[in-house]
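Enquirer: Quick one: sequence plus predicted model below, questions after.
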Amino acid sequence: MTKEFNEIYLSEVLGKSVINNKGEDLGELRDLIMIPGEVFPEVSHIVFRSNKITKSLPWAEVALFTHVVISSVGINPPGLTNYEPQEGEILVRRGLLDKQIVDVDGAKVVRVNDIKLGKFNDKLCIFSVDIGFRGLLRRLGYIKFGEKIARMLKQDIPAAEISWEYVQPLEPHSSKLALNIARSQMNEIHPADLADIIESIPIRNIRTVLDSIDPETTGDALYELEADMRNIVVSQLDAEQLSDILEEMEPDEAADILSDLPQDTAKELLDKMDQEDADDIQELLDREDDTAGGFMNSDYFRLSPDITVGAALEQVRKTGNEVETIYYGYIVTGEDRLEGVVSLKELLMSPLASHISEVMVENIKTVSVDDELVEVLETLTKYNLIALPVIDEDGQMAGIVTVDDILEHYLPRMLKWRR
C-alpha cells in the first residue's frame, strides 16, 4: 500500500494518535526508529505509547502517515510488538532533537530544533534538520502566532534548514547514520573552522569529530588551536593515533605541538614515529624557540643543480603535495649546499629545455639558524619575500622560514599593542 505523505516535520506528528484501519486507537506516537538508507536515513519502525506500554510497529505495516492521521494496516498488525531497545538503533526524537551538530557546509556548531521528514522510494526518510527560529516556534506550537506577528511587522521568519548530507551529528549513536556521508565534507572544512568547531563543543564530543576526519586534517586543525585547548584535545587521543597525526604534519608545526607537551610524552610520541620524521622534528625542538631555526620548516622544494626547467616542473607535479610551501625551488647540492633559488613563476615562463642554472638566482638572501625573528621579519619585508632559506652552522641548507609563520607569531602582539 502506498503511504500518503509528502514532506512533514517531526514536531507535527509527535503526540499524534496512531490508529488501526477501523479507527481504533493504538497509542500516541513517541518516536521513530531510523536505520541507514541508500541515500537518506530511513524509518524502520514507529514507536508509540499505549496504557503505559511502549510499542513498535514496522514501517511496512504503516498505511497512512500525515500530520492529521497515522494508521496501521489491518486491525491487528502482525508486526505490532512491545518495544525493546536494540543496540545500535537510533531514536530520532531522543537522538537528534536538541542535540548539537556540526553544520559541515556552514562550518559551525548548531542545535537541532526540528527534523524534516520526506518520502523517498516509498520510505520515510530524514531530509534535513531545522536549526532556525522557525523550527523552534513550530515545535513549541507557536508557528502561526509567530507568522502573524511577523506579518504585522512586515518581516519574514527565515527558514534555516541543513540538508542531511551536510550534517555531522556529535552524539556517538546518531553519528553512525551520517558518518559515511559527512566524512568527506568534514575533511574539506578549513582547519581554522575545524578548530573553531572543536573549541565550541563539549569535550566528550571532540573524539567524534576527530574520528570523522583524516590524520592530515586533524593535524592542521590541532595546529590552529590555542595551546591550552590543544592539550585537552591531545589528551583525547592515544599515543599511536597522535604519532600518526604528527607524521602527517609539517615538521615545524609538529614540533610546536610537542614542545607544549611533557618531555616524557613528547619522547614517547617521537619513538613511535617514522625515524626520519622524528629526526626532523627533534632537530627543530633542539633549536631556540625565538630564532629562525626554531621557526623553520625542514621540508622544502628541493631541486638538483643538474636538471632542466622541464624536469623541475615535472618534479613540481610529482612532489608538490608533499611540500607545504612551493613558491620557490631551492637548488641544493648533494652536500646540502645552497646554490640558487628559482620562483615557480620563473619556471613556468622559461623554456622547458633551459638548464636550471640559467634561470635560478644566485645572489640569495638567507638567514642563519640563530638569527632572531625580528631579523627574519626585516629581511622578508625588505626584499618582499614569501620564504627565506635557513643556513646552519656548517653552511648547509637546514630549511626555510615562511612569512605566514612569522606573521602568525607577531600579529597577536600587534593586536594587543593596538588595544
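Expert: Sure, I can see it. Numbers count the residues shown, from 1 in each chain.
Enquirer: show me the residues around the nearest residue to residue 69 once chain neighbours are set aside that make contact.
Expert: Of all residues not flanking residue 69 in the chain, residue 19 sits nearest, at 6.9 Å (CB to CB, 6 or more residues apart in numbering). In this view, the C-beta of every residue, glycine as well, is placed from N, C-alpha and C. Applying CB atoms under 8 Å, 6 or more residues apart in numbering to residue 19 gives the contacts 25, 26, 69, 70, 71, 72.
Enquirer: Need the per-residue pLDDT for residue 19.
Expert: We note a pLDDT of 92 for residue 19 in this prediction.
Enquirer: circling back to that earlier point, now the contacts of residue 19: which count as buried?
Expert: The neighbour count (16 or more other CB atoms under 10 Å) marks 26, 70, 71, 72 as buried among the contacts of residue 19.
Enquirer: Is it possible to get those out as JSON lines so that each row also shows secondary structure and pLDDT?
Expert: Supplementary listing: those in JSON lines, determined by DSSP: H, G, I helix; E, B strand; the rest coil; pLDDT from 0 to 100:
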{"residue": "26", "secondary structure": "strand", "pLDDT": "91"}
{"residue": "70", "secondary structure": "strand", "pLDDT": "90"}
{"residue": "71", "secondary structure": "strand", "pLDDT": "91"}
{"residue": "72", "secondary structure": "strand", "pLDDT": "91"}
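Enquirer: what number of residues lie near the closest residue to residue 335 other than its chain neighbours?
Expert: Using CB to CB, 6+ apart and skipping the chain neighbours, the partner closest in space to residue 335 is residue 396 (7.2 Å). Around residue 396 there are 13 other residues, counting by other CB atoms under 10 Å.
Enquirer: Quick check, residue 396 in contact with residue 334.
Expert: No: look at residue 396 against residue 334 with CB atoms under 8 Å: they stay out of range, at 11.1 Å.
Enquirer: rewinding a little: let me know the closest of the contacts of residue 19 to residue 280.
Expert: residue 70 (63.2 Å; CB to CB).
Enquirer: Quick one: list the elements packing against the helix or strand residue 375 falls within.
Expert: Here residue 375 sits within helix 373-382, counting by DSSP states H and E. The elements that helix 373-382 packs onto, with contact taken as 3 or more CB pairs under 8 Å, 6 or more residues apart in numbering; DSSP states H and E, are helix 292-295, strand 367-368, strand 387-391, helix 403-418.
Enquirer: In the stretch 1-150 of the chain, where is pLDDT below threshold?
Expert: By pLDDT under 70, the low-scoring segments of the stretch 1-150 of the chain are 1-5.
Enquirer: circling back to that earlier point, turn the helices and strands packed on helix 373-382 into CSV, including mean neighbour count and mean pLDDT.
Expert: Converted to CSV, the helices and strands packed on helix 373-382 look like this (neighbours: other CB atoms under 10 Å; pLDDT from 0 to 100):
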stretch, mean neighbour count, mean pLDDT
helix 292-295, 25, 85
strand 367-368, 20, 93
strand 387-391, 24, 92
helix 403-418, 12, 67
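Enquirer: circling back to that earlier point, next, format the buried ones among the contacts of residue 19 as a markdown table and append distance to residue 86.
Expert: Listed next are these as a markdown table, based on distance: CB to CB, whole Å:
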| residue | distance to residue 86 |
| --- | --- |
| 26 | 21 |
| 70 | 22 |
| 71 | 25 |
| 72 | 21 |
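Enquirer: hang on, the earlier thing: quick one: the residue nearest to residue 335 and residue 7, what's the gap?
Expert: 67 Å (CB to CB, to the nearest Å).
Enquirer: Would you agree residue 256 falls within a helix?
Expert: Yes: assigned with DSSP: H, G, I helix; E, B strand; the rest coil, residue 256 falls within a helix.
Enquirer: Let me see the contact set for it.
Expert: residue 223.
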